[in-house]
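Peer 1: here you go, sequence then predicted model.
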Amino acid sequence: MLVPDNIHPEQTIYFNSSIVLEILQRFHEINMFDLYHLSNNKCKMSMPVFILCLDWLFLLDLLVLNEHGKVKLCS
């Protein structure tokens, strides 16, 4: 569930995706593990939550995985 009613908003996929997106806007293209490290430093999240954030942003057509395996912000 993206917005459950029984936890704090900062623990939702929406909120954590905004952190990931903010970092992507700064770098435009970054290695997935570097992106996780920077995201985790800004707001503690587990790897499964991070992957769900990437999935959500991919479904929204906000990011892609390029041919070098880096996460890239869509233009």
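Peer 2: In hand now; what should we look at?

Peer 1: gap between the residue nearest to the spatial centre of the chain and residue 44?
Peer 2: Nearest residue to the geometric centre of the chain (Cα atoms, centre = their mean): residue 20, 3.5 Å. Going from residue 20 to residue 44 by Cβ to Cβ, to the nearest Å gives 13 Å. Backbone N, C-alpha and C define where each C-beta goes, glycine included.

Peer 1: about what we covered before: next, the residue nearest to the centre of the chain: secondary structure please.
Peer 2: helix (DSSP: H, G, I helix; E, B strand; the rest coil).

Peer 1: give me every residue that touches it.
Peer 2: By Cβ atoms under 8 Å, 6 or more residues apart in numbering, the contact set of residue 20 is 35, 39, 50, 53, 54, 57.

Peer 1: ok so the last one is a helix residue?
Peer 2: So that's residue 57. Yes - using three-state DSSP, the assignment for residue 57 is a helix.

Peer 1: can you read off the pLDDT for it?
Peer 2: In this model, residue 57 is scored at 95, pLDDT.

Peer 1: any idea how far residue 67 is from residue 53?
Peer 2: Taken as Cβ to Cβ, the span from residue 53 to residue 67 is 22 Å.

Peer 1: which one of these two is surrounded by more residues?
Peer 2: Using other Cβ atoms under 10 Å as the criterion, residue 53 and residue 67 rank with residue 53 on top: 25 against 7.

Peer 1: list the contacts of that one.
Peer 2: Here residue 53 is in contact with 13, 16, 17, 19, 20, 39, 45 (Cβ under 8 Å, 6+ apart).

Peer 1: among these, which pair sits farthest apart?
Peer 2: 13 and 39 (12.6 Å; Cβ to Cβ).

Peer 1: ok, the two, which is more surrounded?
Peer 2: Shown here are residue 13 and residue 39; by other Cβ under 10 Å, residue 39 has more neighbours (23 against 20).

Peer 1: wait, is the more buried one part of a helix?
Peer 2: Yes - judged by three-state DSSP, residue 39 forms part of a helix.

Peer 1: low-confidence regions, the chain specifically.
Peer 2: For the chain, the stretches with pLDDT under 70 are 1-7.

Peer 1: distance from the host helix or strand of residue 16 to the middle of the chain?
Peer 2: In this structure, residue 16 sits in helix 13-27 according to DSSP states H and E. Relative to its chain's centre, helix 13-27 lies at 5 Å (Cα atoms, centre = their mean, to the nearest Å).
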